[in-house]
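# Structure of the sequence below:
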Amino acid sequence: MQSANSNQPNAKNIGHYLLGRTIGQGTFGKVKIGTHILTSEKVAVKILEKERIKDISDIERVSREIHILKLIRHPNIIQLYEIIETQSKLFLIMEYASGGELFDYIVAEKKIKELEACKYFQQIIAGVEYIHRLGVAHRDLKPENLLLDSKKNIKIVDFGLSNTYKEGEKLKTACGSPCYAAPEMIDGKDYNGLKADIWSCGVILYAMLAGYLPFEDPDTGKLYKKILKGKYEIPDWISKDARDLLGKILSTEPNKRITVEKIKSHPWFSLMHQNTSNGLLVGYSTIPVNQSVLRKLDEYGFDLNYCQRCIEANKHNHLTTTYYLLYRKLSPPPDPEPEPKPPIIRPSFVPAPPIAPEINEKFNHRKYHRKKVESTGGSSSNEGEILFGKQIASRSNRNSPRTVIKSIYTHISGPRNLSTGRHPQEPTIPRPANAKAFRRKIVNPSQHNTPKKVNKSVDYGKSIFGESSKRHTRANSSLVSHRKTDRIHF
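Numbers count the residues shown, from 1 in each chain. Presented below is the predicted three-dimensional model:
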């Protein structure tokens, strides 16, 4: 333990983890690499500074993200292991994906070959289909929020702008990155979360195959007009089937946009064989327990009966974290790369011709921009209940971040389905008559009886999206982008 600290003079301990270098910077703090001391496995530690989380909108965002992460159990979505709280910080211990962002991979490769892009797209769709089965819309899907693990599998991250919804319910808040936002969201309309996420998946697919975005313009108003019209150019090297799928995904009419089921049956999507997971519906599906890993826990001195109960109840603590890290460590080597289907199964697929140097120069990576997003308006409880206690229901307490964040953590990891992460639609468990309510809406009394605000602006200069953030140029690439900045406050 001392030797580890001597080799890393800037490292420090938090709980059962040794913190290392910073690998990311977020709105509320940093993301660092951590080492689980018992297993020596790497984790990602998202550090939230309580002093930075002051507004009700920020509290809702953090609360919502943690609540949703506790519900999720899918191999193509990053896993939350446990939460550690100190007087000034919250530490979210999460799965570490060592392969970096899909964005950086596209930049390095210039573009991705169709077989490999198909593999990634299948995994993205598997993850998106899963979260919508849970009634969760991501709303910020983009290559920067798609990580690659050591086996080059997709991991969807960053649920800070996500929200839950009921079947048939439409969402109201425009959020995310404009270049990936669906037309109906830009137009200020209520929108179907799944259809908006599918549009974003189409933009990601285009970026993988072309190496740049279908809709881009340094002028914000012109960018919105392009997205609303749905007009884009497809480079010559993209195959006929890929063009067809892109056209069906990037339909400006949400009701005409292709569904997940039809995407999965499309010829291009079936370009290769790959086993994708349906994930677990926590609270409905039994969480399997690996006996070999339990025996390893026994060697460390853990109580096996208690271990098994914690795993099956979807607890998020050091014991279950150790189990999942050992499971990853003892798991078999990665499967071989997916193989393309025989040509007889794919008679209509014609491989893209090699790109001549002059064509590649013509279609070099283009500049694109990501804008800071602003809300379309409405009360803070537009899209469902937020998990807070009475002490933070009033905006008068918004300047007490320490009390506020402690309340967030207490209620998210508190009674009933919040502690086990069960599916939000699971029947409620009877509680004692004297039990205190832990679910309430955030309502501004002065606006309680006023109509919801609706964005009726037709002036693109006053659009829902804000001004451009500061440009950041990558020295080793012609692709210029806006990196992550503060986004919408709900």
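# just the helices in the stretch 51-200 of the chain please.
Here the stretch 51-200 of the chain has its helices, by DSSP state H, counting those that start in this stretch, at 56-71, 102-109, 114-133, 183-186, 193-210.
# closest to residue 49 out of those?
helix 56-71 (11.0 Å; C-beta to C-beta). Glycine gets a C-beta too; all of them are placed from N, C-alpha and C.
# I'd like to know which helix or strand in the chain has the lowest mean pLDDT.
strand 371-373 (a mean of 29; mean pLDDT, DSSP states H and E).
# CSV please, covering the helices of the stretch 51-200 of the chain and showing distance to residue 159 and mean neighbour count.
Shown next, in CSV, are those (distance: least, C-beta to C-beta, whole Å; neighbours: other C-beta atoms under 10 Å):
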stretch, distance to residue 159, mean neighbour count
helix 56-71, 5, 22
helix 102-109, 17, 18
helix 114-133, 8, 22
helix 183-186, 17, 24
helix 193-210, 12, 25
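# Compare the ones you listed and give me the one nearest residue 25.
helix 102-109 (15.3 Å).
# and the angle for that closest one with helix 193-210?
With axes from the mean of the first three to the mean of the last three C-alpha atoms, to 10 degrees defining the directions, helix 102-109 sits at 20 degrees from helix 193-210.
# what's helix 102-109 packed up against?
Judged by 3 or more C-beta pairs under 8 Å, 6 or more residues apart in numbering; DSSP states H and E, the packing partners of helix 102-109 are strand 146-148, helix 193-210.
# Tell me what angle that helix forms with helix 114-133.
Helix 102-109 and helix 114-133 are oriented at 170 degrees to each other (the same axes, to 10 degrees).
# Quick one: mean pLDDT over helix 102-109.
Mean pLDDT, helix 102-109: 96.
# and it, C-alpha only, in PDB?
What follows is helix 102-109 as a C-alpha-only set of coordinates in PDB (Å, rounded to 0.1, in the frame of the first residue of the first chain):
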ATOM      1  CA  LEU A 102     -15.800   6.300 -30.000                       C
ATOM      2  CA  PHE A 103     -15.300  10.000 -31.200                       C
ATOM      3  CA  ASP A 104     -11.500   9.600 -30.800                       C
ATOM      4  CA  TYR A 105     -11.500   6.300 -32.600                       C
ATOM      5  CA  ILE A 106     -13.300   7.800 -35.600                       C
ATOM      6  CA  VAL A 107     -10.800  10.700 -35.600                       C
ATOM      7  CA  ALA A 108      -7.900   8.300 -35.500                       C
ATOM      8  CA  GLU A 109      -9.300   6.000 -38.200                       C
END
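# Among the helices of the stretch 51-200 of the chain, which comes closest to residue 87?
Among these, helix 56-71 comes nearest to residue 87, with 16.9 Å by C-beta to C-beta.
# Who are the packing partners of the closest one?
Taking 3+ C-beta pairs under 8 Å, 6+ apart as the contact cut, helix 56-71 packs with strand 80-85, strand 89-95, strand 163-164, helix 401-412.
# run the last query once more with 10 Å
When contacts are defined as 3 or more C-beta pairs under 10 Å, 6 or more residues apart in numbering; DSSP states H and E, helix 56-71 sits against strand 42-49, strand 80-85, strand 89-95, strand 136-137, strand 163-164, helix 401-412, helix 416-420.
# what residues are up against the closest residue in space to residue 130 that isn't next to it in sequence?
Among residues not flanking residue 130 along the chain, residue 279 sits closest, at 4.2 Å (C-beta to C-beta, 6 or more residues apart in numbering). With contact taken as C-beta atoms under 10 Å, 6 or more residues apart in numbering, residue 279 is in contact with 72-77, 126-127, 129-131, 133-134, 285.
# Closest to residue 270 out of those?
Using C-beta to C-beta, the contacts of residue 279 come closest to residue 270 at residue 126, 14.0 Å.
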